[in-house]
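>>> please find the sequence and the predicted model below.
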Amino acid sequence: MYKRILCMLISFIFLCLVQGSDEVRSKMKGDKKMAIRITSSAFTEGGMIPRQYTCDGEDISPPLAWTGVPEGTESIALICDDPDAPVGTWVHWVLFNIPPSTKDLPASVPPKETLDNGAKHGTNDFRKLSYGGPCPPGGTHRYYFKLYALDAEIPSEAGITKAQLLKEMEGHILAEGQLMGRYKR
């Protein structure tokens, strides 16, 4: 009985140490991330994305707005992806170097390499430098619009992929937030 209790106690302590290690490492690096609140006037968190923002409609980007960008932010990045795609996570939108004073994006962001405000489009999995709306083969899919406040501008040119952007963002994320919408054909 004593051995059993001792084993359980050791297991519990080990689990606590493992669980807390990421938090401890994060605090040691000064990586405390604040939350950005991202919303859309087109759909609510977990709600259905209207057809006009999909390949079945106009295939235009939805309007997005955010609050909570911290002081010291030098640029903002946006990634939209679908983790439910049969081939793995499918990237629908990559936009970076959004000016930190920007509080929203209107519907129908133009498909230009560099926007008038200096933001740059990355390449999505449709191999386009623009937003590519939901277009699932079947079933209900989730689409995550993830916003990142960065302490630096990304030095890359337009056309980088999500993976390249994430690599460039390493060590520069001050805050982040996400909005999830769903779509079914």
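Cool, got the structure. Numbers count the residues shown, from 1 in each chain.
>>> wait, Phe43 sits on Met180?
No. Counting by CB atoms under 8 Å, Met180 is not a contact partner of Phe43; they are 9.5 Å apart. The C-beta positions use only the backbone N, C-alpha and C, and glycine is treated the same way.
>>> mind checking which of the two has more residues around it?
Phe43 (20 against 17; other CB atoms under 10 Å).
>>> wait, what's in contact with that one?
Neighbouring residues of Phe43 by CB atoms under 8 Å, 6 or more residues apart in numbering: Ile49, Pro50, Pro62, Gly181.
>>> looking at these, state which has the most neighbours.
Of these, with other CB under 10 Å as the count, Pro62 tops at 25 neighbours.
>>> can you report phi and psi for Glu167?
Check again: residue 167 is Lys, not Glu. Torsion angles at Lys167 (phi, psi; degrees, to the nearest 10) stand at phi -60, psi -40.
>>> run a quick neighbour tally on it.
11.
>>> likewise for Ser108?
15.
>>> contacts only, for it.
If you count contacts by CB under 8 Å, 6+ apart, Ser108 has them with Glu58, Ile60, Ser61.
>>> if you set the cut-off to 7 Å instead, what comes out?
Residues in contact with Ser108, defined by CB atoms under 7 Å, 6 or more residues apart in numbering, are Ile60, Ser61.
>>> next one: it, what pLDDT does it get?
On pLDDT, Ser108 comes in at 98.
>>> before we move on, what about Leu105?
pLDDT recorded at Leu105 is 98.
>>> who's it bridged to?
Bridge pairing for Leu105 (DSSP bridges) gives the partners Leu64.
>>> my read is that it contacts Leu64, right?
Yes. At 4.8 Å, Leu105 and Leu64 qualify as touching, with contact defined as CB atoms under 7 Å.
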